[in-house]
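structure of the sequence below:
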Amino acid sequence: MQTIQTRRIDQDADWQDLAAEWDIRPGTIYLNHGSFGPSPRIVRETRREWIERLDAQPMDFYVRQLEPALWAARSAVARFVGTKPENLVFAENATFGMNVVADSFPLETGDEVLLNDHEYGAVHRIWNRRAERTGAKVRSAIMPERFESAEQMLEVLFGEVTDRTRMVILSHITSPTALIWPVEKLIPAFRQRGIAVCIDGPHVPAHVPLDIDALDCDFYLASCHKWLCGPLGSGFIHAHPRQHAIMQPQLKSWGRLLPAMPARWDEEFTWSGTRDPSGYLSLPAAIEFLEQVGLDRFRDRSYWLAGYAESRLMETFGTTPMASRADGWYGTMAHVPLPPGDWTSLQDQLWRQHQIEVPVIHFNNRWYVRVSCHLYTTQSQIDLLMDALRLMTG
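Residues are numbered from 1 along each chain as shown. A predicted model of the protein is given here:
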C-alpha cells in the first residue's frame, strides 16, 4: 500500500493504489458492497495462510492453536467495536446471530416483540417463528415516509408498545432503505421501560464509528463481510452481561475442546464441531488494513462517492430520498427512488446488458436504486451506471 498524505476525495486517481487491493472481475462494475463485500488482497491472503496451517496439521491446530487464536481475533474485533471480548462471540453473520438471540430470549404466551417495516425480511421470519413456538406476538410499526428526528421515530415506535412488549428489534443501518438510525437516542427510551433492545447491525462495523458498550443495548448483531471487508461468513453476537445467563448456541456440542469444559456463556460457542475458522481468524487483518488506510479517510471518500451517486440519481429521476444526507441519515450508501413504474427486471438487465451489479429494491410499493461505495469504487463507475440507467429508464 502506497502512502499518499493528501488524497482528494473527488479524484479517482488519488485512490487507484487502494482500489488495486481488490480483484473485482475485469469488465464488471460492483456497486453492491452492502450485500456481499469482497475482501482486499491482504485479507484473502491471510485467510489462505490460516487454511494452510489447518490443513498441514489439523490435530495440532484444533487442539493447541485454535482457542488462543480465536481469543486473539475476538479481542481485536471487540476493541474495534467498543466492548470486551467476553461479551462477544463469533457467528457466521447477523442473521445467524438473530436466530441465536430469538431462540435464547425467554418469551411466554401473550408476550410481544416489536419490529418495524424497515427491518430485514429474514428478521421478521425469525421472530414470527419464535412467536409461533411460544405463543408470543410480533408487532410491526409502520415508520414515516420521511425521516426527520429520533423523537419522531420514538413517537411511532411507542405507538405500538404495550405492557406486554418484552423486546424491540432496531436496525442500526437499515438494509432495504440504507438509513442510519439514531439508535443511541432510541435505546434509552426502551431501556427505561424495561424493554430489552436488540440492535441489528450487519452494515455497521467500519461504516460508522461503533461503541457497543456506550449504547447499552442488550444484544448487538453484526456481519463483518460488509464494510469491514472480512471474509464472507464472518460476524459476531454481542450480549450485554445482564443477558449472558440466557444465551445458548443453536448447535450444542462440547463448547470447548476436551478436556476443558465451558464455564462461561461465550465458551459454549467456541467449539461446535469440526469446521473452518479461517474467516474469523482473518478479521484482525481486515481491521488492520482499514486502520492503516485511516477510518476517517475511508469514510470521507466512501461518503463522498455515495453523495455523488445520490445527487446524480436525484437529478436523473427527479425524486428525493426519504431522509437528508446532510443531517446524517446516510453514509456509504445512496438510496434514491425510481420514477413510478414496474422495475422488476431492471437489476437483472443492468447486469446482463452492462455488467453492472447494483440492487434495485422494492419497498413499500416504490422501487429504489441502492448504490454502495467502498475504496475500490470510482466516480467514473457511478457515471457509467447513470448512463445505463438513463438508457433503460428514459
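
does residue 48 count as helix, strand or coil?
What DSSP: H, G, I helix; E, B strand; the rest coil gives for residue 48 is helix.

tally of neighbours for the closest residue to it other than its chain neighbours?
Nearest-residue entry for residue 48: residue 278, 8.0 Å, with adjacent residues in sequence omitted and distances by Cβ to Cβ, 6 or more residues apart in numbering. In this view, the C-beta of every residue, glycine as well, is placed from N, C-alpha and C. For residue 278, the count of nearby residues is 20 (other Cβ atoms under 10 Å).

separation between residue 278 and residue 233?
Using Cβ to Cβ, to the nearest Å, residue 278 is found at 10 Å from residue 233.

so the nearest residue to residue 179 once chain neighbours are set aside, which of the three states?
In space, and not counting its chain neighbours, residue 179 is closest to residue 329: 5.5 Å by Cβ to Cβ, 6+ apart. At residue 329 the chain is in coil, as set by three-state DSSP.

residues in contact with residue 329?
By Cβ atoms under 8 Å, 6 or more residues apart in numbering, the residues touching residue 329 are 147, 179, 180, 321, 323.

where's the first one relative to residue 207, distance?
Look at residue 147 and residue 207: by Cβ to Cβ, they are 18 Å apart.

so which of these two has more stuff around it?
Comparing residue 147 with residue 207 by other Cβ under 10 Å, the one with more neighbours is residue 207, at 26 against 22.

how much space between the closest residue to residue 32 other than its chain neighbours and residue 29?
Excluding the flanking residues, the one nearest residue 32 by Cβ to Cβ, 6+ apart is residue 357, at 4.9 Å. Distance, residue 357 to residue 29, by Cβ to Cβ: 7 Å.

again with residue 126
From residue 126 to residue 29 the distance is 33 Å (Cβ to Cβ).

before we move on, what about residue 74?
35 Å.

neighbours of residue 302, how many?
23.

same check, this time on residue 352
10.

hang on, it is in a helix, isn't it?
Yes: assigned with three-state DSSP, residue 352 falls within a helix.

rewinding a little: ok, the residue nearest to residue 32 - contacts?
28, 29, 30, 31, 32, 350, 351.

quick one: which of those has the most company?
residue 31 (25 neighbours).

you'd agree that one is up against residue 371?
Yes: with contact defined as Cβ atoms under 8 Å, residue 31 counts as touching residue 371 (5.0 Å).

spit out the residues that contact those two alike.
358, 382, 385.

mind listing which of these are in helices?
If you go by DSSP state H, those have 382, 385 in helices.

most neighbours among the shared contacts of residue 31 and residue 371, which one is it?
With neighbours taken as other Cβ under 10 Å, the top of the shared contacts of residue 31 and residue 371 is residue 358, carrying 25 neighbours.

that one - nearest residue in space that isn't next to it in sequence?
Leaving aside its chain neighbours, residue 358 sits nearest to residue 31 (4.2 Å; criterion: Cβ to Cβ, 6+ apart).

likewise for residue 254?
Ranked by Cβ to Cβ, 6+ apart and with sequence neighbours excluded, the top spatial neighbour of residue 254 is residue 271, at 5.2 Å.

can you count the residues close to the one you found?
Residue 271, neighbours per other Cβ under 10 Å, totals 23.

same question for residue 18.
Using other Cβ under 10 Å, the number of residues around residue 18 comes to 21.

quick one: pLDDT of it?
pLDDT for residue 18: 97.

residues near residue 262, how many?
Burial of residue 262, expressed as a neighbour count using other Cβ under 10 Å, amounts to 16.

and it, which of the three is it?
Using three-state DSSP as the criterion, the local structure at residue 262 reads coil.

wait, it sits on residue 255?
Yes: with contact defined as Cβ under 8 Å, residue 262 counts as touching residue 255 (3.4 Å).

any common contacting residues for those two?
Listed contacts common to residue 262 and residue 255 are 268, 270; contacts here mean Cβ under 8 Å, 6+ apart.

ok, back up a step: pLDDT score for the residue nearest to residue 358?
For residue 31, the model assigns a pLDDT of 98.

how many neighbours does residue 213 have?
15.

repeat that for residue 149.
Neighbours of residue 149 (other Cβ under 10 Å): 11.

tell me the spacing between it and residue 203.
Counting by Cβ to Cβ, the gap from residue 149 to residue 203 is 21 Å.

pretty sure residue 183 is touching residue 216, no?
No: using Cβ under 8 Å as the test, residue 183 is too far from residue 216 to be in contact (10.5 Å).

of the two, who's got more company?
Taking neighbours as other Cβ under 10 Å, residue 183 and residue 216 compare with residue 183 leading, 22 against 13.
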